[in-house]
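# Give the three-dimensional model of this entry:
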Amino acid sequence: MTAKDFRAYENKICVDDVDGEIEPGYPRILIVDDQVFNIEAIKVILRADNIDLNNDIQEAYNGQQALDLVKERTAANMFHIIFMDCNMPFMDGCTSTSLIRDFINE
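Numbers count the residues shown, from 1 in each chain. Below you'll find the predicted structure:
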């Protein structure tokens, strides 16, 4: 998804596929990286493309935290996109991504 796609998504109302409830049309984003600088760099890039960071932006500093944040969400408020670093302590991004996909597909 490009920044242009995000802007288009921000400006519309979406109907959730799971229960048909209407949700605000903005991206819910999870940024996962063990380096705070990288998280801030992603935010700068999103801001530069006029993506409103006052929406639902979450941060995690390792794969386990990311997995926990995803598991706390319901299908109606799941993240639209996750920026995931691969090399992190405790649980790497590849393992976390695999577990997140398994959780979502249950």
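
# what's the span of stretch 89-96, first residue to last?
End-to-end span of stretch 89-96 (Cα to Cα, to the nearest Å): 11 Å.

# Tell me which residues of that stretch come out buried.
91-93, 96 (16 or more other Cβ atoms under 10 Å). For every residue, glycine as well, the C-beta is placed using N, CA and C.

# One more: stretch 55-67?
57-67.

# coming back round to it: which of the buried residues of stretch 89-96 fall within strands?
Using DSSP state E, no member of the buried residues of stretch 89-96 falls within strands.

# Including distance to I31 and pLDDT, could these go into CSV?
Shown next, in CSV, are these (distance: Cβ to Cβ, whole Å; pLDDT from 0 to 100):
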residue, distance to I31, pLDDT
M91, 16, 93
D92, 16, 93
G93, 12, 93
S96, 13, 95
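
# Include distance to E72 when you put the residues you listed into TSV, please.
Listed next are the buried residues of stretch 89-96 as TSV, based on distance: Cβ to Cβ, whole Å:
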residue	distance to E72
M91	16
D92	21
G93	19
S96	14
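
# And these, which two are furthest apart?
Pairwise distances across the buried residues of stretch 89-96 (Cβ to Cβ) peak at 8.2 Å, for the pair M91 and G93.

# what sits in contact with each of these two?
G63 (Cβ atoms under 8 Å, 6 or more residues apart in numbering).

# I'd like to know which of the buried residues of stretch 89-96 is nearest to A41.
For the buried residues of stretch 89-96, the nearest to A41 is G93 (16.2 Å; Cβ to Cβ).
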